[in-house]
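Chemist: Sequence and predicted structure, then a few things I'm wondering about:
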8 protein chains.
Amino acid sequence: MNNEIYSLLEGVRDGKVSVDEAMLSLKNKPFEDLGFANVDLHRRVRQGASEVIYGAGKTPEQIIAIAKTLVDNGQKTVLITRMDAEKAAAVGAAVELKYYDQARIGIVGEIPAPDGLGKVVVATGGTSDIPVAEEAALTAEVLGSEVVRLYDVGVAGLHRLLSHMDELMEAKVVIAIAGMEGALASVVGGLVDCPVIAVPTSVGYGAAFEGMSALLSMLNSCASGVSVVNIDNGFGAGYLASMINHITKAN
Amino acid sequence: MNNEIYSLLEGVRDGKVSVDEAMLSLKNKPFEDLGFANVDLHRRVRQGASEVIYGAGKTPEQIIAIAKTLVDNGQKTVLITRMDAEKAAAVGAAVELKYYDQARIGIVGEIPAPDGLGKVVVATGGTSDIPVAEEAALTAEVLGSEVVRLYDVGVAGLHRLLSHMDELMEAKVVIAIAGMEGALASVVGGLVDCPVIAVPTSVGYGAAFEGMSALLSMLNSCASGVSVVNIDNGFGAGYLASMINHITKAN
Amino acid sequence: MNNEIYSLLEGVRDGKVSVDEAMLSLKNKPFEDLGFANVDLHRRVRQGASEVIYGAGKTPEQIIAIAKTLVDNGQKTVLITRMDAEKAAAVGAAVELKYYDQARIGIVGEIPAPDGLGKVVVATGGTSDIPVAEEAALTAEVLGSEVVRLYDVGVAGLHRLLSHMDELMEAKVVIAIAGMEGALASVVGGLVDCPVIAVPTSVGYGAAFEGMSALLSMLNSCASGVSVVNIDNGFGAGYLASMINHITKAN
Amino acid sequence: MNNEIYSLLEGVRDGKVSVDEAMLSLKNKPFEDLGFANVDLHRRVRQGASEVIYGAGKTPEQIIAIAKTLVDNGQKTVLITRMDAEKAAAVGAAVELKYYDQARIGIVGEIPAPDGLGKVVVATGGTSDIPVAEEAALTAEVLGSEVVRLYDVGVAGLHRLLSHMDELMEAKVVIAIAGMEGALASVVGGLVDCPVIAVPTSVGYGAAFEGMSALLSMLNSCASGVSVVNIDNGFGAGYLASMINHITKAN
Amino acid sequence: MNNEIYSLLEGVRDGKVSVDEAMLSLKNKPFEDLGFANVDLHRRVRQGASEVIYGAGKTPEQIIAIAKTLVDNGQKTVLITRMDAEKAAAVGAAVELKYYDQARIGIVGEIPAPDGLGKVVVATGGTSDIPVAEEAALTAEVLGSEVVRLYDVGVAGLHRLLSHMDELMEAKVVIAIAGMEGALASVVGGLVDCPVIAVPTSVGYGAAFEGMSALLSMLNSCASGVSVVNIDNGFGAGYLASMINHITKAN
Amino acid sequence: MNNEIYSLLEGVRDGKVSVDEAMLSLKNKPFEDLGFANVDLHRRVRQGASEVIYGAGKTPEQIIAIAKTLVDNGQKTVLITRMDAEKAAAVGAAVELKYYDQARIGIVGEIPAPDGLGKVVVATGGTSDIPVAEEAALTAEVLGSEVVRLYDVGVAGLHRLLSHMDELMEAKVVIAIAGMEGALASVVGGLVDCPVIAVPTSVGYGAAFEGMSALLSMLNSCASGVSVVNIDNGFGAGYLASMINHITKAN
Amino acid sequence: MNNEIYSLLEGVRDGKVSVDEAMLSLKNKPFEDLGFANVDLHRRVRQGASEVIYGAGKTPEQIIAIAKTLVDNGQKTVLITRMDAEKAAAVGAAVELKYYDQARIGIVGEIPAPDGLGKVVVATGGTSDIPVAEEAALTAEVLGSEVVRLYDVGVAGLHRLLSHMDELMEAKVVIAIAGMEGALASVVGGLVDCPVIAVPTSVGYGAAFEGMSALLSMLNSCASGVSVVNIDNGFGAGYLASMINHITKAN
Amino acid sequence: MNNEIYSLLEGVRDGKVSVDEAMLSLKNKPFEDLGFANVDLHRRVRQGASEVIYGAGKTPEQIIAIAKTLVDNGQKTVLITRMDAEKAAAVGAAVELKYYDQARIGIVGEIPAPDGLGKVVVATGGTSDIPVAEEAALTAEVLGSEVVRLYDVGVAGLHRLLSHMDELMEAKVVIAIAGMEGALASVVGGLVDCPVIAVPTSVGYGAAFEGMSALLSMLNSCASGVSVVNIDNGFGAGYLASMINHITKAN
């Protein structure tokens, strides 16, 4: 539509279109394609570097097509999330791809050198939370953040967490990932002075109710500075963490 | 019914009742009044010392009547739970009563000297959990347990809890009481080697859902040795803690 | 405990305590009082400027005492949240207090000049969400953030929101507050490139289920960069927003 | 029963049955077989044109039998919903059938020329909602409505929706289909002046709770003119939309 | 903003603003004030006749001010919903108002003569549903629909409903309002050939769960042509019913 | 309508109305007022003896009017349920009324002599369940059943229940009423050979969730012959029990 | 234990055991093996005729063993519920078995001639409810009840139900089985004067929530005489219906 | 870290490290590896005897590695929980393992001779609860408790439970395991004087809601001394039971 608007403005300049006609035209379609292209839900990644494809509902062919288009348009790194191993194999046959099967993530191109304000710590309560954690960590890395991984530091063995006070203390953002009782977010939130993004996971059984228990627990955290994303949403946490890690005065 | 059975047996002995008749009679009413008297829901308190009245659904007159009966029958201490201040005033006019308004508990007679195996620690996440904690603590005391109170030691300020490691380490039972995210139970369960009784409270707002969040959190505790009672059920926790604290080989 | 450890170490140095004894002693109480004092749940506010008192479960006397202590210790601004008008009147009689009744917030001292990276936008879906919004806005202001208020810009009248694109576009953080269907967070999240903190409110009736509908809606936001705090938790959102707004490279 | 009543009335006319006897007889069975035949749950489609078979619980044989009966009775178009590909293959071997596998719909005969008041717009939040949307769209088309499809116009990228203002503005009914946060219904409801039928879908994960989040969101829409059907109920929405699209003064 | 765009276009025409500058300016604020004013949430009522004020969250003063503005601008009828008797008295002292206390509705000006396609039937399961029904009925009347009220025709006494077949059969839209098991919507939906708007009410106790039972029941209606609005949302149903009742070919 | 049908039939008999005309007329309104008058939801009580008024949503004037009508029409006993003491006083001033305040029931006329097959046992888990139990018991008595009350026989003190085996064994129907864990229904269902009607009550706190816990428990009873009514629905249970207690071969 | 008690009583009679000793012995084990043997959960079927085996958790070998024991002990009919086709094949190889695959029921021996008070009507809302209905019907038949099946008479096509008024009116008990909105129970309950046993089914999708919608609907039925069993519990309904159908004065 | 602390202390003793340096060092990492090693979530088992591996999220290789390490370090018994048969076969090929397939438990080494205070009774409501029960029983046995199994003693056949009064009465702890209505915990809690650990199971269907019904039932138990663990959490119950069974005065 930019072209349309541009032509319209040229018409006004050249006297071919009256101001009133242009006015009417602009009022009637003020929203059409404002020029910030939109390939995907996971879209608005930092300029010129990385782009994200949500792989879950797409065929390998669709993923390949989008990835190629992005690369052809100068994208240096393409992150593909929620892509299972089978799909990754098909995509990898057509595009050079590095696949991380725990995270179910594929990356085309290089993970860029970190350029954020500091480090993002990704901490998990248990080992079963690691797939979600890796989705968060790789997302943050692709978006330019240095990531420190602290896995299996759940609160039932507090010394495991406390032995990493140094890493926690120097984080710009902490992503706290836990299922079951989800207490990690509160404990971390009470220890650090930076934003904590809590990710409930569907790990657990019985009254864990597919992540509901951890979700409610995290929403009720009595520690300040804690906010919550959807159950198992590692991508969302990694994206937000990196966004915070790149905030600048200038914006 | 004991008398009835006794008479029946005498009849058999004396040949007045045939074995078959006695057999039939016993089969038809084997359960009637087996002789262990039952005053109340909160009933089976340790022998000869304390008895409990659940005050919530009773009139002051009913409470007075039961309390007097118990005292007349040699009960040294009577614990009255869930009794509001107004009701307590009415009861106190008729029976000598010590009233604890935070705990909504009244006690007739003396709190006995502790005779348990060790100490019961009652810990709360916040100050708003104290009424439930006091119900638990006074119940355990009335039943003969020494109680150590650790209030406002929630996990969002971990050092508050950790500064009481000595008390926690020497507990026979810990009662962990918390609302909101209820993480206290897991953290305490990870620190101590004794049974932890978790009490979710209805403290909190929004997604705390009247204690549901803390309840689910505690049920999903990844620490071993933790079990859970009903929301706000301080009495139940104090009762169970003291029961565990009095376990003996002989039983 | 620092003194204790110090003495212990002196004892080791002076040969009065053996290494083994010291070892044992350190293992038994490694956590006692690590030296970072803790007045309140809402505590860890930026150095030397503002401190927060959670007023909900406290008596006026308690609030006055804490506030005076803080002021005596050089605190320039004290924020008191969740304090109703009656309590505020009692507190105001003892301490010079500015009370904001919509937000149920009292402030002792001056709101500091903003010193953050940029502006925090507080947007609400409707007018009924304003009390939560004011809690968020005043919290952020007390913590040193400049706040732009965009109230009643719900998505059912999209032009209301879209007419404020300038303010949204230059925000460092947006707090999106809405009850009922809670769609504001997603729409704002799709428009801006900064973190969006979503606050579901208990506004609505019927199937709003006291904020549950808005909460679920916000957690499922398909826009990136959105995270969620507890229902009606304006303080938490304001606190986190200001924390993000003050992130620096040095930290 | 019509025959019975007729005979009864003849009996009265002919004096063979007294008025009292007839009265009694009528009172005892007033409801028997009123004569409007009923083939199926999805039944009451506009006269002489289309009929619907709900395929989910039926065997291919049952579907074939019903379809043949309908066609033999002059039905020009038969719509078969919720029929998977395998079943469709079996049915297609016996009846000439056009199968739409995304919508899981089979159509016997031709889709009629549209004869409604105007157009029905079917809009979806994402691409994963398309199967439900196609069920809605094809249903409306079979029932004589012209359908405009606007897919993947979710609110997280508002310009996608706004670029279709023209289509939205000239709709007689809009069907807004979305999973996750379900905000599409509210935003569309705020833009258009016609009835909006909201269809929550089970698309999403975690706190989407199989469509619950979108359902609650849509029920709480603050836009007027929005009503909701069951989760994933594309047929219901298409049916209702076409019903509204064919309302006439005469009725 | 229209003026701003107009000036910008004049600048382009006059050569004072380059096409590129105008382009940039338009891209940066494409949404500002699109010119369709918005007084209230309940706003977009048919042209020149009626306007609606949602009274719940407003003071009498606010209601009076909005009502006067509307009347001064030529509004013939103003509908005020969710206004309790006390508030109505205050408003009535300043504005001539007819108050309907069951419906909690006030009307300024006259209810217009009906100009819809036909009649809207408002049916309730019981007498306790009547307040919601009256809100729906009065809303539809104010918006120009003729309304037929069928109250207390719940399905547990089917003859009550069936005795009104005539009214049901000639309706353009039926609003079916019921609490408890909410079966009315399905039964009505099976009897009529027009759209049925189902309104669950919070009438009932126990497992009615404040309207949840009726809501789920109505969403699962196996009758076609039924859609659902929020619990107790009489206004929403009346609004939508009248909207459907005024659909025209021309639009 | 009976009169209408009668006239119609007379018309047919007299040759004034053709069979076809009559046929048409009957088909068009077959359901209008079939002559079994309907005063209330609680209506279909056994012939000639008792009638029931649901008092909850009615004014004293309405109750008086209905009661008088019933008495004037020969009703010997009128049962008024869910009527609070204040309302009862107003009704009692106009009609001779016996009021049972625990059950919130008023009875006009005499409770009839029992004429059922046998006895209905009404058992409760605790004393707090007694109001619901009395509603059930009085309902059954008014409808002609002999009732045996076994109150406070909850399963936590099994001997209390077992001491009443005789009464349980000779019951025709047992109504088992309990809150909290609702186990009474299962235990009773395992002991007796007659139908057990389970009534969950809203007695309890915390995870009792207003009767939800007892309701689920009773629905899952592993004993055969148990069915469930709504939470606190004493009337429904008493009505059904008496209905079963009056079943005859003849019907 | 009967033998033990008998011996004990003989001992008392013969003077070998003192009354006090016997008293003590009886008090200590009053419950041991009271002599009414228990083969299965579904156990207490009418004397001398039919016995039930719950097949779900059992191996074919276990089912064969129990069935043979029962037959050897004179059982004329053995009902095996919740047994899938594969298991039935294995059982059928060892025992002469008639298998009903829709109902997942196997019957050893003959279905007895009906000997109840009257007929049990089993009605379903749709065809998908038939498996549950057949479980109910066959259970009732095996237990000696004549069963009338009215399938697919859901309320969305009321005439289907009303055309069976005769069958409904002469039922002793009606079992109303429905999924989705579950309205059948209320409508039937309003039509008949006998007990209605409502069985919610898990039929439906989306907001049917696996039977929850129908369950709540049925519990809230405003018709009297309706009670509810667990979701899909056809056996329970058939058992209870037959129990009611065999009630006698003598009992 | 113990070594580090030890070295540090030696440094202080030897004058190589100043007290201030040591102080700083201790304050900065007070928590690192405090010497109580942590292999697994299920970890803190009694000294020198048994260790537990949670098998669910681990590969056979991981299990083998951990098991070998433990055995090499002198562990006499290693308990592996939640390990399916296939995994057990793989593990069993590398380590001598006794596998219990109902309990899904593998044991390396010998079950130790019981050394607790008394017996742990494990009771189940039905046979389907046995897998959970065996997990509990074997866990308790491995941890040194004598276990008495009372299976299939559900409350619908009370005599089954009551015939085991002797075993119940002499238990130190009872683990009550039940699905469906979960009433076993209350009934057992009312019979015994020792702690009862209630384990809800996911056994049941329909309104059992995967164990939710039993869970709520058990939390609401009106018997004292009952606490609850997560749904199906046999390990947790066995662990806690054995912990209670080993409580000593000395601690």
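Modeler: Looks like it arrived, so ask away. Since the model is a prediction, treat every value here as computed from it, not as a measurement.
Chemist: neighbours of whichever residue of the stretch 1-150 of chain A sits closest to chain C, just the number please.
Modeler: Going by C-beta to the nearest C-beta, chain C is nearest to residue A:117 of the stretch 1-150 of chain A, at 4.9 Å. C-betas here are computed from N, CA, C, even on glycine. By other C-beta atoms under 10 Å in any protein chain shown, the residues close to residue A:117 number 20.
Chemist: Quick check: it is in a strand.
Modeler: No. Residue A:117 sits outside any strand when classified using DSSP: H, G, I helix; E, B strand; the rest coil, being coil.
Chemist: Helices along chain A, start to end?
Modeler: Here chain A has its helices, by DSSP state H, at A:2-13, A:19-28, A:60-72, A:85-94, A:130-142, A:158-162, A:165-169, A:184-191, A:212-219, A:234-245.
Chemist: Of these, which shows the lowest average pLDDT?
Modeler: Mean pLDDT is lowest for helix A:19-28 among the helices of chain A, at a mean of 62.
Chemist: Okay, whatever residue of the stretch 51-200 of chain A ends up closest to chain H and residue A:122: tell me how far apart.
Modeler: Residue of the stretch 51-200 of chain A nearest chain H, by C-beta to the nearest C-beta: residue A:162 (3.1 Å). Counting by C-beta to C-beta, to the nearest Å, the separation of residue A:162 from residue A:122 is 18 Å.
Chemist: picking up where we left off before, export the helices of chain A as a markdown table, with columns for mean neighbour count and distance to chain G.
Modeler: A markdown table is the format used below for the helices of chain A (neighbours: other C-beta atoms under 10 Å in any protein chain shown; distance: least, C-beta to the nearest C-beta, whole Å):
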| stretch | mean neighbour count | distance to chain G |
| --- | --- | --- |
| helix A:2-13 | 18 | 42 |
| helix A:19-28 | 15 | 38 |
| helix A:60-72 | 17 | 28 |
| helix A:85-94 | 16 | 28 |
| helix A:130-142 | 27 | 27 |
| helix A:158-162 | 22 | 38 |
| helix A:165-169 | 16 | 42 |
| helix A:184-191 | 30 | 29 |
| helix A:212-219 | 31 | 15 |
| helix A:234-245 | 28 | 26 |
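Chemist: Could I get those in a markdown table, plus columns for distance to residue E:232?
Modeler: Putting the helices of chain A into a markdown table (distance: least, C-beta to C-beta, whole Å) gives the following:
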| stretch | distance to residue E:232 |
| --- | --- |
| helix A:2-13 | 47 |
| helix A:19-28 | 39 |
| helix A:60-72 | 45 |
| helix A:85-94 | 47 |
| helix A:130-142 | 40 |
| helix A:158-162 | 48 |
| helix A:165-169 | 49 |
| helix A:184-191 | 36 |
| helix A:212-219 | 27 |
| helix A:234-245 | 35 |
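Chemist: So which of those helices is nearest residue B:141?
Modeler: Smallest distance to residue B:141 across the helices of chain A (C-beta to C-beta): 29.4 Å, for helix A:158-162.
Chemist: Show me what the closest one is packed up against.
Modeler: helix A:184-191, helix B:184-191 (3 or more C-beta pairs under 8 Å, 6 or more residues apart in numbering or on different chains; DSSP states H and E).
Chemist: now the closest residue to residue A:80 other than its chain neighbours, which residues is it bridged with?
Modeler: Distances taken as C-beta to C-beta, 6 or more residues apart in numbering or on different chains place residue A:106 nearest to residue A:80, at 4.2 Å, with adjacent residues excluded. For residue A:106, the beta-bridge partners are residue A:80, residue A:99 (DSSP bridges).
Chemist: what's near enough to touch residue A:106?
Modeler: Residue A:106 is in contact with A:55, A:79-80, A:83, A:88, A:91-92, A:97-100, counting by C-beta atoms under 8 Å, 6 or more residues apart in numbering or on different chains.
Chemist: Recalculate using a threshold of 6 Å.
Modeler: When contacts are counted by C-beta atoms under 6 Å, 6 or more residues apart in numbering or on different chains, residue A:106 touches A:80, A:83, A:88, A:97, A:99.
Chemist: Is it correct that the first one is in contact with residue A:55?
Modeler: Yes. At 4.8 Å, residue A:80 and residue A:55 qualify as touching, with contact defined as C-beta atoms under 6 Å.
Chemist: Which among the helices and strands packed on helix A:158-162 is found nearest to residue D:110?
Modeler: Nearest of these (C-beta to C-beta): helix A:184-191, 58.7 Å.
Chemist: got the angle between the closest one and helix B:212-219?
Modeler: Counting by axes from the mean of the first three to the mean of the last three C-alpha atoms, to 10 degrees, helix A:184-191 points 100 degrees away from the direction of helix B:212-219.
Chemist: contacting residues around helix A:184-191?
Modeler: Here helix A:184-191 makes contact (C-beta under 6 Å, 6+ apart) with A:125, A:155, A:168, A:174, A:176, A:178, A:196, A:198, A:218, A:221, A:223, A:225-226, B:155-158, B:181, B:183.
Chemist: Same question for stretch A:9-21.
Modeler: For stretch A:9-21, contacts defined as C-beta under 6 Å, 6+ apart pick out A:22, E:9-10, E:12-13, E:19, E:22.
Chemist: Find the pair from the residues you listed with maximum spatial separation.
Modeler: Farthest apart among those - using C-beta to C-beta - are E:10 and E:19, which lie 13.7 Å from each other.
Chemist: What about the one residue in the stretch 51-200 of chain A that gets nearest to chain D, how many residues nearby?
Modeler: Here the stretch 51-200 of chain A gets closest to chain D at one residue, residue A:57, 4.7 Å apart by C-beta to the nearest C-beta. Neighbourhood size, residue A:57 [other C-beta under 10 Å]: 14.
Chemist: I figured residue A:88 hits residue A:98, correct?
Modeler: No. Applying C-beta under 6 Å as the test, residue A:88 and residue A:98 come out as separate, 9.7 Å apart.
Chemist: so which residue of the stretch 1-150 of chain A comes closest to chain F?
Modeler: Proximity to chain F, evaluated over the stretch 1-150 of chain A using C-beta to the nearest C-beta, is greatest for residue A:125 at 24.8 Å.
Chemist: Could you pull up the residues touching that residue?
Modeler: Applying C-beta under 6 Å, 6+ apart to residue A:125 gives the contacts A:154, A:178, A:184.
Chemist: quick check, nearest of the residues you listed to residue B:213?
Modeler: Taking C-beta to C-beta as the measure, residue B:213 sits nearest to residue A:178 out of these, at 14.3 Å.
Chemist: hmm, back to that, distance of the closest residue to the residue of the stretch 51-200 of chain A closest to chain D other than its chain neighbours relative to residue C:182?
Modeler: Closest residue to residue A:57 apart from its sequence neighbours, by C-beta to C-beta, 6+ apart: residue D:128 at 4.7 Å. Distance, residue D:128 to residue C:182, using C-beta to C-beta: 21 Å.
Chemist: Same drill for those two, tell me which one is more crowded.
Modeler: residue C:182 (40 against 20).
Chemist: Roughly how far does the closest residue in space to the more buried one that isn't next to it in sequence sit from chain E?
Modeler: The shortest distance from residue C:182 to any non-neighbouring residue, by C-beta to C-beta, 6+ apart, is to residue C:214 (3.1 Å). Distance of residue C:214 to chain E, computed by C-beta to the nearest C-beta, to the nearest Å: 13 Å.
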